[in-house]
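Q: this is a predicted model, with the sequence first.
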Amino acid sequence: MKNLTKWLSKNLIRIYAFFAFTYLFIPVLYTFVFSFNDSRKTNLIWKGFTLDKWKNPCGAPDICSALGNSFIIGFTATAISTVLGTLIAFALGRYRFKGRSATNLLIFLPMATPEIVLGASLLTMFVNLGINTSILTAIIAHVMFCISFVVVTVKARVASLDPRLEQAAMDLYANEWQTFRRVTLPLVAPGIAAAALLAFSLSFDDFIITNFTAGTVNTFPRFVYVSAGRGIPAQANVIGSAMFFLALFIVVAAQIVSSRRKAKI
Amino acid sequence: MAVDASTSARGDLILKNLTKSYGDFSAVDDLSLVVPKGSFFALLGPSGCGKTTTLRMVAGLEEPTSGSIFVGETDITDMKPYRRPVNTVFQNYALFPHLTIFENIAFGLRRRGITEAEVKTAVDKVLNLIELPQLATRKPNQLSGGQQQRIAVARAIVNRPALLLLDEPLGALDLKLRRQMQIELKWIQTEIGITFVHVTHDQEEAMTMADTIAVMNKGKIEQMGTPEELYDSPKTAFVANFLGQSNLIPGEVSGSDGDNLIVDLFGTKVAVPKARSSARGNSALVGVRPEKFRIAAEGKSTHGNVLTGGVVSDVSYIGVSTQYQVEMPWGKEVMVFEQNDDEEEMLRKGAKVVLSWEPIFTFALDGSENVSAGSH
Amino acid sequence: MAAFKGASAKVFGLKDNKSALPYLLLIPGLLWLAIFFIVPIFSLGQMSTKVPGADIGEFVQEYRFSNYIDAFNSSKEQFLRSFLYGLLATIIALAIAYPLAYAIAFKSGKWKNILLVLVVAPFFVSFLLRTIAWKQILGEEGPVVSVLRTLNIISVNTSITSSAFAVVTGLAYNFLPFMTLPLYASLERIDPRTLEAAGDLYANGFTTFRKVTLPLSMPGVVAGTLLTFIPAAGDYINATILGSPSNKMLGNVIEARFFKIVDYPAAAALSFTLMAAILILITIYTKRTGTEELV
């Protein structure tokens, strides 16, 4: 009995963690399972197992055009915000300059503002200027809210870069540009990659801001929201599950690659 | 919270058949020893010998696989660390970063239900003992390494434990500070009379501070004794090589002469005091420490044990002394430390020399010992 | 945010600036933020004092500050509800996430990285899909309700969805990684030897947690609670999908005013108030908990 209580007190928290993870994955599992549902109009009740939806994920009307828009916005916004954010991160992570705290504040504020305020304010500005909302305004909005997250992610990586590595490069006849290209950038690259992945996930998954700034352009989250009333088609589950596995694959692959690299050193 | 009765247990520290195994590998292998109350005890050994594991088992931070730990009459083997009359000074001090120095030191006292007034008196007293009363309101990250180290000690001793465990506490300090702290710790121990168990890989440190040293190797105790005993009469090659340096020369026991054993070293007979010999059979390793040798040019007069035919192969002048490597007729080299305290000229490389030393400074190990064990 | 930095991140000193380089690096990004974040906030403020004009979608500037009072009066209930739900969701998220973060930081050994991925992984599925999944799992046709009704824990008339309970737990669920990761980051930085030292100094498990672990994890708690409360208070998706009209939050009102009623000034006033309230809360909160470095 004493051994049991001892084992429990050591492992109670591990048991809890197991249940917590289960809780986290319940809706994921549900979404995945129901992507195989042989449903007609609504995907609410289990009717039978089928691979049809997986074979034809674009079967539901408008779903793939919405998905395509999400990708367009996502990739464009990721590219722009990663570049802009990385530049800021280098400035903040390396140099002491006047206006540091003001910059920090400006980066922090969008993260502290509720999405609805971000969306509403952008819409108001566009309306004032007579600009129609479109895929372009959506991209602009997405870049805006992604920059801060990119900055935070890359800055941590930049700040932990040992300056002596760059000094060693210059000692070995590399000029500033070569040093940056051959030493700094490769070392910061994992941070930039992580930031890009984060930016893309935030953009792809965004609903509120997109709702305010994309006008009539449909994105995947919008498609899901709108069809929630009458029941989302199983194809949405298929796409959601596919994105999940893709993202999981990328992250796990990145981990394996980086730990292999560490093992080599 | 009331003072736990177990935290006021007193007495000698007794380890009985203490073992810690991980699968096939035993970090600590059937260790038994007694540390007398009030002494300064050192556990000395290279990294991986099990000394830190032993310490952590006494502290309650590791569970022994088998064996028992007693403080006096009290069996503390299964007790949680917070029930034991034992406090630890950790290698990297482990000071609480979010608390002031005063609060760090008061931490243990406050857990034991001591009144705030008594806490203040005790903390002030110990801060004065280590001569850092002005740091009471600072935070650990504002202190230097040496100061942090002393606070870590203060935090432990303020609780007046039966036993203070020190896990290589001086490792992070520079040489000069380390020497200073060695003296200070020894002084504190004699002042307050608590049993100190000090774990270190630095044999000079152990010899300076400890009353008794236990030399550990691969989970077992090689030899235990006073610094003098271990240095003058090592019983294994490991101890001979780990403490200071030794020249170990293989030979045959050819007889005895009164209190001495006569050993034949490649044709030359030398005398070894029987009291310093742990040779069991016919073969022995004769040990002479480098500083015991007298080195002189061939032909000069000598007394005591004598070895001829050596040729100087290397000379290093170190200010206080000169180090000679001498190639002996049997092909191996012998190390000699000669103090530069006379007008004798330094011998040069290639010089033919004769070595001599007083027989009383010889020790002998059993011939089966590994000559290079413990050397570093 | 400082709470995100891992234990292994050693920060080196900053170079003193001798050139215009840092400014050149900053300008593109900061310009974007200035134009598309700062200016819109001003637009929002400006809109909030306008009055609807002759045509729909037309607004006239009259500096009518009473818009704020009118808007607040009509949406008092939703306002308070948003903060209440946000607070409850944050507390629940903290309660769920803290032991989880603790387990990953101290009790996971070589599985640490995998577990961290697993914390974030569910969020690779669109949050709308996940929220709808919850709606169906907890809904009338779902398994949970039928089991609970069979066991007579709830009556045939009560449903779990369309309730405050569903909305709040939905909010807590959606923001769990925002709570877990900062908690994990600050717990991971704690030197385990300090916890051993506490035990060595007579503190039992619970006291060690209370006096050493918890205070040292506060930066993570502050970051996590902020990152959860802010989006939770402004959310309206969970309320729409998992709640009934009696659970509507401020976000629902704002959305309705923008898109259904086209009353931009009122909507702007509400948005502005929400933002101001949150900023005030953040300032008070961080001043009290003493976390200065936020980015």
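A: Received, thanks.

Q: would you agree B:Met328 is in contact with B:Lys352?
A: No: taking contacts as Cβ atoms under 8 Å, B:Met328 lies outside contact range of B:Lys352: 11.7 Å. For glycine as for every other residue, the C-beta is placed from the backbone atoms N, C-alpha and C.

Q: what do those two both touch?
A: B:Gly309, B:Gly310 (Cβ atoms under 8 Å, 6 or more residues apart in numbering or on different chains).

Q: who's more crowded, those two?
A: Shown here are B:Met328 and B:Lys352; by other Cβ atoms under 10 Å in any protein chain shown, B:Met328 has more neighbours (19 against 14).

Q: confidence score at that one?
A: Note for B:Met328: predicted pLDDT of 93.

Q: tell me the contacts of it?
A: Per Cβ under 8 Å, 6+ apart, neighbours of B:Met328: B:Phe266, B:Leu307, B:Gly309, B:Gly310, B:Val334.

Q: the third one should be in a helix, yeah?
A: Meaning B:Gly309. No: going by DSSP: H, G, I helix; E, B strand; the rest coil, the assignment for B:Gly309 is strand, not a helix.

Q: give me every residue that touches it.
A: Shown in contact with B:Gly309 (Cβ under 8 Å, 6+ apart): B:Met328, B:Pro329, B:Lys352.

Q: just the ones of those residues in helices?
A: Assigned to helices by DSSP state H, none of the contacts of B:Gly309 qualify.

Q: which one of those is nearest to chain C?
A: Comparing the contacts of B:Gly309 against chain C with Cβ to the nearest Cβ places B:Met328 closest, at 49.6 Å.

Q: ok so, going back, is it possible to mark the buried ones in the contacts of B:Met328?
A: Buried members of those, counted by 16 or more other Cβ atoms under 10 Å in any protein chain shown: B:Leu307, B:Gly309, B:Gly310, B:Val334.

Q: quick one on the thing from earlier: of the contacts of B:Gly309, which is the nearest to C:Ile137?
A: The nearest member of the contacts of B:Gly309 to C:Ile137, counting by Cβ to Cβ, is B:Met328 at 86.1 Å.

Q: tell me the predicted confidence for C:Ala54.
A: Reported pLDDT for C:Ala54: 69.

Q: oops, could you answer that again for B:Asp167 instead?
A: So B:Asp167 comes in at 92 (pLDDT).

Q: interface residues of the stretch 101-250 of chain A facing chain B?
A: By Cβ under 8 Å from any Cβ of the partner chain, no residue of the stretch 101-250 of chain A approaches chain B.

Q: what segments of the stretch 101-250 of chain A are helices?
A: Along the stretch 101-250 of chain A, counting by DSSP state H, counting those that start in this stretch, helices occupy A:115-129, A:135-159, A:163-171, A:176-179, A:185-205, A:208-213, A:220-228, A:234-264.

Q: returning to what we had before: include pLDDT when you put the buried ones among the contacts of B:Met328 into TSV, please.
A: As requested, the buried ones among the contacts of B:Met328 are arranged in TSV below (pLDDT from 0 to 100):
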residue	pLDDT
B:Leu307	91
B:Gly309	89
B:Gly310	91
B:Val334	93
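
Q: which one of those is nearest chain C?
A: B:Val334 (45.0 Å).

Q: and that closest one, that's in a strand?
A: Yes: with three-state DSSP as the criterion, B:Val334 is located in a strand.

Q: isn't it up against B:Val311?
A: No: with contacts counted by Cβ under 8 Å, B:Val334 stays clear of B:Val311, the gap being 10.8 Å.

Q: can you pull out the helices in the stretch 1-150 of chain B?
A: B:51-59, B:101-111, B:116-129, B:145-157.

Q: switch these over to a markdown table; also include distance to B:Pro250, mean neighbour count and mean pLDDT.
A: Converted to a markdown table, those look like this (distance: least, Cβ to Cβ, whole Å; neighbours: other Cβ atoms under 10 Å in any protein chain shown; pLDDT from 0 to 100):
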| stretch | distance to B:Pro250 | mean neighbour count | mean pLDDT |
| --- | --- | --- | --- |
| helix B:51-59 | 30 | 24 | 94 |
| helix B:101-111 | 54 | 23 | 91 |
| helix B:116-129 | 52 | 15 | 93 |
| helix B:145-157 | 44 | 23 | 91 |
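
Q: so which of these is nearest A:Ser227?
A: Where the helices of the stretch 1-150 of chain B are weighed against each other on Cβ to Cβ, the nearest is helix B:101-111, at 59.1 Å.

Q: related to what we said a few turns ago, show me which pair in the buried ones among the contacts of B:Met328 is furthest apart.
A: Within the buried ones among the contacts of B:Met328, B:Gly309 and B:Val334 form the most distant pair, 11.1 Å apart (Cβ to Cβ).

Q: could you chop chain B up by domain?
A: B:5-232, B:245-366 (automatic domain parsing).

Q: could you identify which of those is most buried?
A: Stretch with highest mean neighbour count among those: domain B:5-232 (a mean of 19; mean count of other Cβ atoms under 10 Å in any protein chain shown).

Q: report whether that domain contacts chain A.
A: No: judged by Cβ under 8 Å from any Cβ, domain B:5-232 and chain A are separated, with a smallest distance of 9.6 Å.

Q: run the chain-centre distance for that domain.
A: 14 Å (Cα atoms, centre = their mean, to the nearest Å).

Q: show me where chain C has strands.
A: Secondary structure of chain C, counting by DSSP state E: strands at C:15-16, C:50-52, C:59-61.

Q: quick one: the strands in the stretch 101-250 of chain B?
A: Secondary structure of the stretch 101-250 of chain B by DSSP state E, counting those that start in this stretch: the strands cover B:163-167, B:195-200, B:212-217, B:220-225, B:247-257.

Q: so which of these gets nearest C:Gly220?
A: Comparing those under Cβ to Cβ, the one sitting nearest is strand B:163-167, at 28.9 Å.

Q: follow-up on the earlier one: is it possible to get TSV of the helices of the stretch 1-150 of chain B that adds distance to A:Phe32?
A: TSV is the format used below for the helices of the stretch 1-150 of chain B (distance: least, Cβ to Cβ, whole Å):
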stretch	distance to A:Phe32
helix B:51-59	47
helix B:101-111	50
helix B:116-129	59
helix B:145-157	53
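
Q: among these, which comes closest to B:Pro234?
A: helix B:51-59 (18.1 Å).

Q: and the closest one with chain C, contact?
A: Yes: judged by Cβ under 8 Å from any Cβ, helix B:51-59 comes into contact with chain C through B:Ala59.

Q: rewinding a little: wait, which of the strands of the stretch 101-250 of chain B is closest to B:Ser144?
A: Here strand B:163-167 is closest among the strands of the stretch 101-250 of chain B (Cβ to Cβ), at 19.1 Å.

Q: what helices or strands is the closest one leaning on?
A: Packed against strand B:163-167 by the contact rule (3 or more Cβ pairs under 8 Å, 6 or more residues apart in numbering or on different chains; DSSP states H and E) you find helix B:51-59, strand B:86-89, helix B:145-157, strand B:195-200.
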